[in-house]
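S.K.: just the structure for this:
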Amino acid sequence: MGKGKSPLATHRARMERRGFVRVEISVRKDDASLVRGVAAALSDPSRRSEARRLLQQRFGEPPKVSLKALLASAPLDGIDLDRSAAPGRDVDL
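M.R.: Numbering: from 1, shown residues only. All right, here's what the predicted structure looks like:
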């Protein structure tokens, strides 16, 4: 006589199907209500987009920029990029 899934397991499976994951964090007591508020805003369809945008803007990773793009965007005005030809050196074989 198996009891089947517990109500908690059923709830977690349902949330997973909806695209949610369980996250456990430890924060200072003073910050607990703030973190709960952020989680609530991210879960609320009417506030989700703005909350995600604000958080991504402030705490998200900066976009990855290739070295080529970084060099192309560098201000090179006034920098002398010419170099004199250096004579080669003798190599004994």
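S.K.: quick one: low-confidence parts of this protein?
M.R.: Within the chain, the ranges that satisfy pLDDT under 70 run 1-2.
S.K.: what ranges does it have for its helices?
M.R.: 7-17, 32-43, 48-59, 67-73 (DSSP state H).
S.K.: of all those, which one comes closest to D82?
M.R.: D82 sits nearest to helix 67-73 of all these, at 17.1 Å, using CB to CB. Where you see a C-beta, it was placed from the backbone N, CA and C, and this is true even at glycine.
S.K.: helices or strands next to that closest one in the packing?
M.R.: Packed against helix 67-73, as judged by 3 or more CB pairs under 8 Å, 6 or more residues apart in numbering; DSSP states H and E, are no other helices or strands.
S.K.: if you count neighbours, what's buried in that helix?
M.R.: Within helix 67-73, no residue is scored as buried using 16 or more other CB atoms under 10 Å.
S.K.: distance from the chain centre to it, please.
M.R.: 22 Å (CA atoms, centre = their mean, to the nearest Å).
S.K.: and for stretch 50-59?
M.R.: Worked out by CA atoms, centre = their mean, stretch 50-59 lies 10 Å from the chain centre.
S.K.: got the contact list for that stretch?
M.R.: V38, A41, L42, D44 (CB atoms under 8 Å, 6 or more residues apart in numbering).
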